[in-house]
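> give me the fold of what follows.
(one chain, ligands or ions: 1)
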Amino acid sequence: MKRSQYAVIGLGRFGSSLAKELIQLGYEVMGIDMDEEAVEEMSEELTHVVVADSTDEDVIRSLGIRNFDCVIVAIGDDIQASILTTILLKDIGVKMVVAKALSELHGKVLHKIGVDRVIFPERDMGIRVAHQLVSPNLLDYIELSKEYTIAELAVPKCLDGLSLKELDTRARYGCSVVAINKKHGDVIIAPTATDTVDEKDVMVIIGTNEQIEHFENALV
Ligand code: ADP
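Modelled structure (predicted):
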C-alpha cells in the first residue's frame, strides 16, 4: 500500500516538530515556509522543503499540493495567512486539510471554510498539563466522548502487589482496568481478577470522567 504523503505549511515551533515526527514515523513530508531561515533549518530533516508564500495561488498550484494526502496549515500568528492558505487548499481540492487555530474564533472560521480538522495545540496542551499537575499519577488520557475517558495511571506504592479483585475498581469507583503495562515491558490486555499491579506499572482504565477522577483522587 502506498504510504500517505504530508505537506506542512509553516515551519515554526509546532509545524517543524510535527513534520519531524511524521518523518520519524516513516512518512514523506514536504515543508513549506516563506522564511528562508526556517526552511534552511529543516532542509536536512524533511523529504523536500520549499521557500514559498502559501497565500500565492500560482505557487501553491505549481507545487502539486493537490496530490498530497494531507496538508497541515501550521501558521499561527498570522491569522489572515492561515485563513487564506486554507481557502486556497480547499479550492484546489486537497482531500484532507488540518489547521492550527490560535483562538476559538480562529477555529470557528477554519471550520466554516471547510477545514477537516482544527487543532488547538496551546489550549489542548494547557488542559493536559493542568490535569497532570493536579493528578500526579495521571500519565496520559484520551477523551472518548464528552463523558468517557481512557486514562493511563502510574501505579503508586500504596497499590503495590494488589490483584484486580482486591483493587475492585469497578465496584468502588465504577471504572475498569482494561490493560496493565508491566514495568518490565509486558502488556496484559483485558486483565482478569487474579492479575496484579506493581508499583511503577501503568494501568489503563476506562470510565466516565467522574469515575476516573474519583479513582485518581483516592490514589493521592
Ligand atoms: P509557532 O507558534 O508554531 O512557532 P508561528 O506562527 O510562530 O508558529 O510560525 C509559523 C510559521 O509560518 C513561521 O515560520 C512563518 O514564517 C510561517 N508563515 C507565516 N505565514 C506564511 C505564509 N503565508 N506562507 C508560508 N509560511 C508562512
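> burial check on the closest residue to the ligand within the chain, number of neighbours?
Residue nearest to the ligand within the chain (CB to the nearest ligand atom): Gly12, separated by 2.4 Å. (Each C-beta comes from the backbone N, C-alpha and C, glycine too.) Using other CB atoms under 10 Å, Gly12 has 15 other residues around it.
> could you chop this structure up by domain?
Domains of the chain are assigned by automatic domain parsing as 5-120, 135-219.
> closest to Val129 out of those?
domain 135-219 (10.7 Å; CB to CB).
> mind checking the end-to-end distance for the closest one?
Length of domain 135-219, first residue to last, CA to CA, to the nearest Å: 9 Å.
> next: stretch 197-208.
End-to-end distance (CA to CA), stretch 197-208: 22 Å.
> picking that back up, quick check on the residue of the chain closest to the ligand: phi, psi?
phi -80, psi -160 (degrees, to the nearest 10).
> Provide a list of residues in contact with it.
Residues near Gly12 by CB atoms under 8 Å, 6 or more residues apart in numbering: 33, 38, 74-76.
> Glu213 versus that one, what's the distance?
Distance, Gly12 to Glu213, using CB to CB, to the nearest Å: 35 Å.
> again, but for Ser176
For Ser176, the distance to Glu213 - CB to CB - is 15 Å.
> neighbour count winner among the two?
Shown here are Ser176 and Glu213; by other CB under 10 Å, Glu213 has more neighbours (19 against 15).
> all strands for the protein, in order.
Assigned by DSSP state E, the strands in the chain fall at 5-9, 28-33, 48-51, 70-73, 97-100, 117-119, 138-143, 148-154, 162-163, 176-181, 187-189, 196-197, 202-208.
> residues near Glu104, how many?
Counted with other CB under 10 Å, residues neighbouring Glu104 total 11.
> if we can go back for a sec, in CSV, list the strands of the chain along with distance to Ile60.
Formatted as CSV, those follow (distance: least, CB to CB, whole Å):
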stretch, distance to Ile60
strand 5-9, 9
strand 28-33, 9
strand 48-51, 10
strand 70-73, 10
strand 97-100, 12
strand 117-119, 20
strand 138-143, 34
strand 148-154, 39
strand 162-163, 58
strand 176-181, 44
strand 187-189, 44
strand 196-197, 53
strand 202-208, 43
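> need the residues of the protein near the ligand, please.
9-15, 32-35, 38, 53-55, 74-78, 81 (CB under 6 Å from any ligand atom).
> make a PyMOL selection of the buried ones in those.
Buried subset of these, written as a PyMOL selection, criterion 16 or more other CB atoms under 10 Å:
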select buried, resi 9+10+11+14+15+32+33+34+38+54+55+74+75+76+81
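> counting only helices, which of the residues of the chain next to the ligand make the cut?
Using DSSP state H, the subset of these located in helices is 13-15, 38, 81.
> TSV please, covering the residues you listed and showing pLDDT.
Shown next, in TSV, are these (pLDDT from 0 to 100):
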residue	pLDDT
Arg13	95
Phe14	96
Gly15	97
Ala38	97
Ala81	97
